[in-house]
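[1] fold the following for me, if possible:
(2 chains)
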Protein chains: 2
Amino acid sequence: MQKTKVAIVGMGTVGTGVARLLLDHGDRTARHAGQTLWLEQVVVRDVRRPRQVELPAGLLTDDLRRVTGNPEIKVVAQLIGGLEPARTIMLRLLESGKDVVTANKALLAEHGGELFDRARELGRSIAFEASVAGGIPIITNISQCLSANQITSLRGILNGTSNFIVTQMEEQGMDYALALAEAQRRGYAEADPTMDVDGTDAAQKLSILAHLAFGARVHWRDIPRTGINSLDPADLRYARELGYRVKLLAIAHLTDSGLELHVSPTLVKRGQPLAEVREAYNAVSVVGDAVGRVFFHGLGAGQMPTASAVVADLIDTVVGRTGITFRTLELWSQRPPLVNMRDHAELPGRFYWRFTVDDQPGVLGRIAGALGNQAISIASLIQHEPDELGDRTAVPLVIMTHTTTEGAAQQAMRDIERLPGVRPGCVRMRVLD
Amino acid sequence: MQKTKVAIVGMGTVGTGVARLLLDHGDRTARHAGQTLWLEQVVVRDVRRPRQVELPAGLLTDDLRRVTGNPEIKVVAQLIGGLEPARTIMLRLLESGKDVVTANKALLAEHGGELFDRARELGRSIAFEASVAGGIPIITNISQCLSANQITSLRGILNGTSNFIVTQMEEQGMDYALALAEAQRRGYAEADPTMDVDGTDAAQKLSILAHLAFGARVHWRDIPRTGINSLDPADLRYARELGYRVKLLAIAHLTDSGLELHVSPTLVKRGQPLAEVREAYNAVSVVGDAVGRVFFHGLGAGQMPTASAVVADLIDTVVGRTGITFRTLELWSQRPPLVNMRDHAELPGRFYWRFTVDDQPGVLGRIAGALGNQAISIASLIQHEPDELGDRTAVPLVIMTHTTTEGAAQQAMRDIERLPGVRPGCVRMRVLD
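    Got it, this is the predicted structure:
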């Protein structure tokens, strides 16, 4: 059987998983590629560090030139995280004639334009199924399987860490700090979880999907985003009382006025598939104008789910499917954008608000008046009696609105925060219709 | 832009949808294929019949030779249902040098061996994404996206007609005949619904998926199957009382003793994704040893969802991806099967039973004894008082068992049916763990 030599650069969690699949399950790659994917070289920073996978002698090296200088190695899984030296290594691999497979969405979201341009110039390809939603093959599904559609909407739970934390908060009644600690204990959150919990990671993934699905050219920094790091368990309880769960949703929605894009904690009606995504799972709900709604659910991270995506990409690259797809991808291409981003202030939406107000007459009237000034109408309202054990002079006031705009909601929020009797710390979240 | 000529044979519901996508949305196919898919010819039986899509002059013909004799037409969407003349037309298209795209799973399930052999001999390809689960791209996901995995389990709701009927029965309390009439009224069921409701259609689709995912070589007729056409609303009510919903599941499960394959109405715990699939939707839950469980949900039939899959196949074929994939597919290949089917009698499972018994002492004891003789232990039991309005001498007895085997359950069923005090018409269904 024909043998194609491949290499791995970076032996962290994912690299180790990829090596395992290639070394222990060569029959699979042979079966699906019609040829053997032969792991020829593994490049690491420190060759003496103990490894979680047994590598045949001679495979390990700390010299990238053993890969770039070996013309027999056709495809490289580049599995180093972060921006540098990942970017430089990626460029060197492309320039030495390798097709590259990567899982590094931060690198693509930041330097995708440069890297894709260079790959195109050199006639090489970059495959990146593992960069978004881990084991869910959302990249192939959007760029290949749904190609007959104009995709009109895309809603994703794209950050497993955040979803795990929110699930713990909701189901176990933990506060944010405790749920984060539990996520770290289980290996779902890193020591510095900032990028996961502040919405950055989800925004980076959404920018990649928005490029692919809509031909947008939006940098992730331009996507309005709120993370889950300021979620209060009280709001999860009120959401539950109203029949909703809170999920960190990444949303892209095509309208006549442009592409809506945002990442934010959102109330999703219980029973809806996205509301029922628990723990560290990811999910993506895509609407195409021909296919209707298609929903995908699976593990968004972890060693073997991510390795599964990387090895599928290696196979696709070796057999030639990636090269074909890469040429037609709407990803950081030189073509003009097919759609521009809609002004965030214009975004329509329903909202959940929680105000903490003095337990005095007139406050509700003033809040309702401020909402009315922005033509925001109230769909439902919860006011409980003061907490017996807490501050008995303040009461929480929870309001769900009918559809309004982001801009009107922001203005109403500013107005209400200035009202007498309204305490600091208003909470506002979007509600999925 | 380069132009590739394609043709459609058969202008039923799906063919009309495909023509619409090609004629009205050429920009999409151009964008994703890097070339225009030009609809050159449409072959129908009766050119005078009114069409639901406006076709440019000269497109319509009743002469297949206008396609087979035109070497400029590279790919043909063959969208005729049934076995003949679909099979003969498919062979003539392949023999005239065309790659073929089809949605006809009955044809593949029956004549796949012959057709795939012929396509391989001729260096042609057959694409068939639309043949299973309509708009859910399950064929590509299994044969391409999950190629790094040994797939170990596959559970699908593959027949939208059955799922629609069962949903109506469960949610509206309709009996089978009424729910079927409603499905027919809404266009979800054909005038002769036999193949859909007796499990044939799901077994045909399961045989295709089992070929692909497991390298099995099982004819659909050899897959044990039960349809939904004898479902009693009473059992849906009892299932609900026990916390389950009934779904027509197609199951393939890899074990050390071989591949379990069957289609049957099955109790699925409420809250599980498969239990929540409603109306005419399809869903497939796939477990791979690397990726874990991936769940897909979407419209399994209908004009545009199916056309979406056909046009994606046309694009894949024109750009060359299909040709690459087709060569390595484990589908009716000449290679020996990778797995054989497990003896149905050995299949493990939990079961739901309903017996109608005389309201007399001793009957329950005799039934429990018969189950005990087959080493079947009871997990839960419901016995209500006799129906005030019905036969007051008979009571329903509902039993859920712990895990046993299909063979033991069949033997117990035969023994129990012969017991004094047990009325004819015992019901038995599998329970998904």
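[2] going forward, measure contacts between C-alpha atoms and count neighbours the same way
    OK.
[3] what residue in the stretch 151-300 of chain A comes nearest to chain B?
    Ranked by C-alpha to the nearest C-alpha, the top residue of the stretch 151-300 of chain A for proximity to chain B is A:Val291, at 3.9 Å.
[4] tell me, how many residues neighbour that residue?
    Neighbours of A:Val291 under the rule other C-alpha atoms under 10 Å in any protein chain shown: 28.
[5] could I get the contacting residues of it?
    By C-alpha atoms under 8 Å, 6 or more residues apart in numbering or on different chains, the residues touching A:Val291 are A:146, A:149, B:135, B:299, B:304-309.
[6] ditto for A:Thr161
    Going by C-alpha under 8 Å, 6+ apart, A:Thr161 touches A:183, A:188-189, A:196-197, A:280.
[7] try A:Met174
    Contacts for A:Met174 (C-alpha under 8 Å, 6+ apart) come out as A:168, A:233.
[8] sorry, back to before: please list the members of the contacts of A:Val291 that lie in helices.
    The members of the contacts of A:Val291 that map onto helices under DSSP state H are B:304-309.
[9] TSV for those, including distance to chain A?
    Formatted as TSV, the ones in helices among the contacts of A:Val291 follow (distance: C-alpha to the nearest C-alpha, whole Å):
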residue	distance to chain A
B:Met304	5
B:Pro305	4
B:Thr306	7
B:Ala307	7
B:Ser308	5
B:Ala309	7
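[10] of all these, which two lie farthest apart?
    For the ones in helices among the contacts of A:Val291, the maximum inter-member distance is 8.6 Å, found between B:Met304 and B:Ala309 (C-alpha to C-alpha).
[11] the two: which has the busier surroundings?
    Legend: neighbour count by other C-alpha under 10 Å for B:Met304 and B:Ala309, higher for B:Ala309 (33 against 26).
[12] contacting residues for the residue lying closest to the more buried one once chain neighbours are set aside?
    In this structure, B:Ala309 finds its nearest non-sequential neighbour in B:Ala130, 5.0 Å apart by C-alpha to C-alpha, 6 or more residues apart in numbering or on different chains. Applying C-alpha under 8 Å, 6+ apart to B:Ala130 gives the contacts B:102-104, B:137, B:306-307, B:309-310.
[13] pLDDT at B:Ala130, what is it?
    As predicted, B:Ala130 sits at a pLDDT of 97.
[14] for it, which three-state class applies?
    Under DSSP: H, G, I helix; E, B strand; the rest coil, the three-state class of B:Ala130 is helix.
[15] quick one: it from B:Ala307, how far?
    Counting by C-alpha to C-alpha, to the nearest Å, the gap between B:Ala130 and B:Ala307 amounts to 8 Å.
[16] try A:Gln204
    Taking C-alpha to C-alpha, one finds A:Gln204 at 32 Å from B:Ala307.
[17] give me the more crowded residue out of these two.
    More crowded of A:Gln204 and B:Ala307, by other C-alpha under 10 Å: B:Ala307, with 30 against 27.
[18] nearest residue to that one in space, please, no chain neighbours.
    Spatially, and ignoring its direct neighbours in sequence, B:Ala307 is nearest to B:Val18 (4.9 Å; C-alpha to C-alpha, 6+ apart).
[19] phi, psi of the one you found?
    Dihedral pair for B:Val18: phi -60, psi -40, per degrees, to the nearest 10.
[20] for the residue of the stretch 151-300 of chain A closest to chain B, give its distance to A:Arg430.
    A:Val291 is 27 Å from A:Arg430, by C-alpha to C-alpha.
[21] burial check on A:Asn70, number of neighbours?
    The number of residues packed near A:Asn70 is 15, by other C-alpha under 10 Å.
[22] just say helix, strand or coil for it.
    Three-state call for A:Asn70 (three-state DSSP): coil.
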